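sequence plus the predicted model coming up.
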Amino acid sequence: MMNAPGLMISAPASGTGKTTVMLGLLRAFADMGLNVQPFKSGPDYIDPAFHRAAARRPSFNLDTWSMHDALISNISARAADADIVIAEGSMGLYDGVASAGESGRGTSAELAARMGWPVLLVVDAGGQAQSAAAVALGFRQYAPDIKFAGVILNRVASPRHERLIRLGMEQVDIPVLGVLPRRGDLALPERHLGLIQAVEHPDLEAAVATYAEFLAEHTDLAAIRAAADGKSASQTTESVPTKPPAQRIAMARDEAFSFTYPHVLESWRGAGAEILSFSPLADEAPDSTADLVWLPGGYPELHAGRLAAAGNFRQGLRQHAKTRPVHGECGGYMALGQALIDKEGNRHEMAGLLGLVTSYEKRKFNLGYRLAQLKQPMLGFDTGTRLRGHEFHYSTIIDQPDSPLADVVDADGNAVAQSGSWRGHVSGTFFHFIAEATV
């Protein structure tokens, strides 16, 4: 049972500055001595690491499309000892899949309603004045069952600009809980999959401290904390049984392989599994005593030359695969293949445990939820098990000669060509596993 009141930081659209607001609020409240529990709405696997750095405690994804109610309750129980919960939304507040299917639509609004968290809307005020109030009013009235805390105005150009926007907000009775002046030095670095990874930021601590100072100066932290709610949200205490795929799991962990969902790793550890980290970029082989090798997603396309030259890593991987399972997700799947073609068109030989050949030169945007029914066992799940996950990459499959691992469809039930593949003890998928489908 989660006892701490919370807020959902959302926005009308992506690119409005909500991540900057999120990180600044997390650190500002933490600096006040509060235990702040961060969450991320949706399947984004990059933001939680930034949240952890800002709040100084782990952040977890909560996703109403891919997670059943008991799992959401189980994950949200991490806030039991927190003073306040702050969740960051994904995309726009009401953006999700078109069909609800067996679960929800995956919107931030859906999660906020379920948890009882009021929405604090970050509005990009650039290029508008009183019209910003019409935008905020529309978001408040679109779903009357959602609590609305107010707005933080971002990229405000001048005191006159602020007065005009406030006039509009006053006319529709929407609280303004912060006004952030326009600044060009607060954006986080990005690349083709969004933000760079937290571990790659040249000085993340200094950036977060700057965000916190900026938010503390230009928002009403007391009013924001007072707006938090959700204590009385009805939640089940049903436990979620977890069976780790192996007792000793060797997991690749460096700048090329870093995309893992925190709730998955924590559940495995909680069930007694050991996670044995190693770095392919440092040419480290997986632990020879491991029962399973797992290569998570990441950016192998940016490090293809180093991976191709990592002979110790590749030999250790091949030796393990002779008798024990190896699994890769997205970038990890690409690294298990025969070759990877980088953006300049150069071909780099990968582990060769699968016949997969992928190209980052011939880019194709692949994004969305995935529902997979396994044709072969994977990560401890039996044939026929249905899994929910998410796919997000720009690589194109040039060749995939091995047997398909699963029948995969998107959130609308349309077949997806990226079925994953398997050969012997080796398997891989382009989707990132989130949870088992319960229906």
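Noted; the coordinates are in hand.

tell me the residue furthest from the middle of this structure?
residue 160 (37.9 Å; Cα atoms, centre = their mean).

ok, that one to residue 166 distance?
Residue 160 sits 11 Å away from residue 166, going by Cβ to Cβ, to the nearest Å. Just so you know, the C-beta spots here come from the backbone N, C-alpha and C atoms, and that holds for glycine as well.

now do residue 290
59 Å.

more crowded one of the two?
Each of residue 290 and residue 166 has its neighbours counted (other Cβ atoms under 10 Å); residue 290 has more, 23 against 19.

and the closest residue to the more buried one other than its chain neighbours, how far is that from residue 278?
Spatial nearest neighbour of residue 290, chain neighbours left out: residue 250 (3.6 Å); criterion: Cβ to Cβ, 6 or more residues apart in numbering. As judged by Cβ to Cβ, residue 250 and residue 278 stand 6 Å apart.

in the sheet, who's paired with the residue nearest to residue 290?
Judged by DSSP bridges, the bridge partners of residue 250 are residue 276, residue 293.

these two touch, right, it and residue 292?
Yes. Residue 250 sits in contact with residue 292 when judged by Cβ atoms under 8 Å, with a separation of 7.0 Å.

compare these two (neighbour count), which wins?
residue 250 (28 against 23).

residues contacting the more buried one?
Residue 250 is in contact with 276, 277, 278, 286, 287, 290, 292, 293, 294, 320, counting by Cβ atoms under 8 Å, 6 or more residues apart in numbering.

quick one, phi/psi of the residue nearest to residue 88 when sequence neighbours are not counted?
The shortest distance from residue 88 to any non-neighbouring residue, by Cβ to Cβ, 6+ apart, is to residue 22 (4.3 Å). As for residue 22, its main-chain torsions (degrees, to the nearest 10) stand at phi -60, psi -50.

what sits against residue 22?
So residue 22 contacts 9, 38, 47, 51, 54, 86, 88 (Cβ under 8 Å, 6+ apart).

if you rank the contacts of residue 250 by neighbours, which is first?
Busiest of the contacts of residue 250 [other Cβ under 10 Å] is residue 293, holding 29 neighbours.

how far away is that residue from residue 329?
12 Å.

could you check how far whichever strand or helix holds residue 433 is from the centre of its chain?
Residue 433 belongs to strand 432-436 when assigned by DSSP states H and E. Offset of strand 432-436 from its chain centre (Cα atoms, centre = their mean, to the nearest Å): 12 Å.

cool, stretch 330-337 as well?
The answer for stretch 330-337 is 19 Å, by Cα atoms, centre = their mean.

equivalent analysis for stretch 298-316, please.
Using Cα atoms, centre = their mean, the offset of stretch 298-316 from its chain centre is 24 Å.

average model confidence for that stretch?
Average pLDDT, stretch 298-316: 95.

now the helices: where do they sit in the stretch 151-300 of the chain?
Assigned by DSSP state H, counting those that start in this stretch, the helices in the stretch 151-300 of the chain fall at 159-171, 204-218, 221-227, 262-270.

could you dump those helices into CSV and include distance to residue 305?
Shown next, in CSV, are the helices of the stretch 151-300 of the chain (distance: least, Cβ to Cβ, whole Å):
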stretch, distance to residue 305
helix 159-171, 49
helix 204-218, 26
helix 221-227, 47
helix 262-270, 29
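
what about the helices in the stretch 1-150 of the chain?
Under DSSP H, counting those that start in this stretch, the stretch 1-150 of the chain gives helices at 18-31, 47-55, 69-76, 108-115, 131-142.

circling back: report the lowest-confidence entry in the contacts of residue 22.
residue 47 (90).

let me know the pLDDT of residue 232.
43.

residue 282 now?
For residue 282, pLDDT reads 98.

how long is stretch 416-428 end to end?
Using Cα to Cα, to the nearest Å, one end of stretch 416-428 lies 15 Å from the other.

now do it: everything it contacts.
Taking Cβ under 8 Å, 6+ apart as the rule, stretch 416-428 contacts 321-329, 332-333, 336-337, 353-356, 366, 370, 372, 376, 378, 391, 397, 400, 402-410, 429-431.

circling back to that earlier point, mean confidence (pLDDT) on the strand holding residue 433, please.
On average, strand 432-436 scores 95.

what helices or strands is that strand leaning on?
strand 386-393 (3 or more Cβ pairs under 8 Å, 6 or more residues apart in numbering; DSSP states H and E).

buried set for the strand it packs on?
386, 387, 388, 389, 390, 391, 392, 393 (16 or more other Cβ atoms under 10 Å).
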